[in-house]
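*Asks:* I'll drop the sequence and a predicted model, then ask my questions.
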Amino acid sequence: MQKSLSTRTHICPHCGFVEDREINAAINILQKGLSTVGYTVSYKLGEFDPRFFVGAILRGYDLTLDPRIPAVERRWSVNALTCESLYMTYFLTAAFYKFVELPDFADLKAPLFACANENQVKGTILLAKEGINATISGPPDGVRALLEFLRSDPRFADLTHKESCSEKLPFYRLKVRLKREIVTMGIPDINPSLSAGKYVKPEDWNKLLDDPDVVVVDARNDYEVSMGTFKGAIDPKTKSFSELPEWMLREAALRDKPKVAMFCTGGIRCEKSTAFLRDRGFDEVYHLEGGILKYLETIPEAESRWKGECFVFDERVSVGHGLKSGTYELCRACRHPISQEDMASELFVRGVSCPKCHGTKSEVKKQALLERQHQIELAKSRNQIHIGARYDAAEKKAQSDAAD
């Protein structure tokens with residue numbers, strides 16, 4: 001975008017980007033997809049360089065960086081704001097996977113752990129002979145450094161990822177695990193890189209939903225579906241992904257129409273599910289590219305067919321349109337997502353029980369959970385970290401384990 005620089009400019013010492021401070025900068029802000037006082041527009045992380053935030057605030061605007069960048073609550077002076085200080089206000093989360101032959105996958109564990117640890121990145125990375133599956137979070141520069149490290153391997157050169165932001169780090173620890181499968185289906189010899197169904201971009205998904213010749217299947221587990229789904233989608237009511245193949249083999253509805261369309265959180269379960277169907281003679285099989293998360297990120301809420309919230313496997317618990325943090329929390333006793341209604345129940349005791357697990361714990365276990373919750377609240381009152389606290393000994397042990 002062309003801009004007329006005035007004599008009132010500021011050069012960021014960290015990036016060297018020149019910012020003008022003209023009054024008509026509001027137009028530029030809106031075109032870049034920010035939210036300003038008096039305006040509400042959508043913002044997608046990755047569409048432009050965060051240095052534009054610097055220029056916007058230098059122009060004197062109080063910004064609410066909505067929906068996934070923490071609010072900047074006050075005006076910043078020219079000398080106070082830099083790109084570095086902006087970057088320190090939020091954590092970047094990246095989710096990615098790729099089905100690719102990795103005969104040396106065990107050898108990747110130690111260097112991946114070292115790179116992530118060096119860049120203060122937390123999360124979970126799964127490695128298997130069939131590929132990689134991960135969700136990571138940390139300082140934006142750290143996350144991007146890890147992605148760059150991965151893409152330096154020719155097998156991951158075309159790795160794609162989905163981004164979102166949060167004010168709090170959604171993971172407490174870093175885990176790099178070696179697995180038999182990067183998503184456990186329990187069916188050998190499936191190769192999604194060769195036989196997965198046809199990708200459907202989020203922009204084309206609504207049209208497919210309207211096709212009368214399509215049966216739509218939610219490939220996620222029952223508790224995930226209960227939080228939100230696409231209207232009209234079949235719920236297989238599975239407790240785990242490994243139950244889905246048996247359901248697909250016996251479900252008559254899949255044979256009632258010539259086309260099958262599947263969706264899941266990020267796309268990985270659908271790649272395996274559609275490959276399973278194609279290997280068993282289903283011809284027209286489709287799946288939502290990038291999964292629900294890409295749909296919620298891409299499609300405006302006014303045009304969306306999604307109803308409810310989407311469960312995510314980190315401390316955010318759930319997200320909604322625009323990948324805004326949702327209203328669900330996690331029961332620390334049973335690890336089940338709980339709604340605001342659940343938390344209003346007399347059966348809910350924070351850290352100890354919820355309506356789904358009340359009455360299932362022994363007295364000894366309940367007392368242990370009560371004590372843990374007490375320690376969490378005590379640490380919080382002291383502004384200390386309890387869950388996920390990093391001690392030197394624990395860190396050294398993790399590094400040693402990664403090298404084994």
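*Replies:* Arrived safely, thanks for sending.
*Asks:* How far does the helix ranked longest in the chain sit from its chain's centre?
*Replies:* Ranked by residue count, the top helix of the chain under DSSP state H comes out as helix 363-381. Centroid separation between helix 363-381 and its chain, computed with Cα atoms, centre = their mean, to the nearest Å, is 29 Å.
*Asks:* buried residues in that helix?
*Replies:* Neighbour counts over helix 363-381 (16 or more other Cβ atoms under 10 Å) mark 369, 372, 373 as buried. (C-beta placed from N, C-alpha, C; glycine too.)
*Asks:* what do you get for stretch 287-302?
*Replies:* Neighbour-count burial for stretch 287-302, counted by 16+ other Cβ under 10 Å, picks out 287-299.
*Asks:* And stretch 158-169, by the same measure?
*Replies:* 159, 161, 162, 163, 164, 165, 166, 169.
*Asks:* Which helix or strand contains the residue at minimal distance from the centre of the chain?
*Replies:* Central residue of the chain (Cα atoms, centre = their mean): residue 95, 5.4 Å from the mean position. Residue 95 belongs to strand 91-99 when elements are defined using DSSP states H and E.
*Asks:* contacting residues for the residue nearest to the centre of the chain?
*Replies:* Taking Cβ atoms under 8 Å, 6 or more residues apart in numbering, we find residue 95 in contact with 134, 135, 161, 162, 266, 293.
*Asks:* mind listing what the strand holding residue 95 pairs with, with the direction of each?
*Replies:* Looking at strand 91-99 with DSSP bridges, its partner strands are strand 131-138 (antiparallel), strand 161-166 (antiparallel).
*Asks:* Residues in contact with the longest one: which ones?
*Replies:* With contact meaning Cβ under 8 Å, 6+ apart, strand 131-138 is reached by 91-102, 105, 116, 119-126, 143, 146, 150, 156, 166, 169-171, 182-183, 193, 268, 313-314.
*Asks:* Can you tell me which of those are classed as buried?
*Replies:* Buried members of the contacts of strand 131-138, scored by 16+ other Cβ under 10 Å, are 91-100, 102, 105, 116, 119-126, 143, 146, 150, 156, 166, 169-171, 182-183, 268, 314.
*Asks:* Residue 237 against residue 222, yeah?
*Replies:* Yes - contact status for residue 237 versus residue 222: in contact at 4.9 Å, counting by Cβ atoms under 8 Å.
*Asks:* low-confidence ranges in the stretch 101-250 of the chain?
*Replies:* By pLDDT under 70, the low-scoring segments of the stretch 101-250 of the chain are 167.
*Asks:* those helices in it, which residues are they?
*Replies:* Taking DSSP state H, counting those that start in this stretch as the test, the helices found in the stretch 101-250 of the chain are 109-118, 140-151, 192-195, 202-209, 222-225, 244-250.
*Asks:* Would you state the strands of the stretch 151-300 of the chain in chain order?
*Replies:* 161-166, 174-178, 198-200, 214-218, 228-230, 259-263, 284-288 (DSSP state E, counting those that start in this stretch).
*Asks:* Residue 342 is nearest to which of the ones you listed?
*Replies:* The closest of the strands of the stretch 151-300 of the chain to residue 342 is strand 228-230. By Cβ to Cβ, the value is 15.3 Å.
*Asks:* who touches the closest one?
*Replies:* Strand 228-230 is contacted by residues 209, 216, 218, 235, 263, 305-311, 318 when judged by Cβ under 8 Å, 6+ apart.
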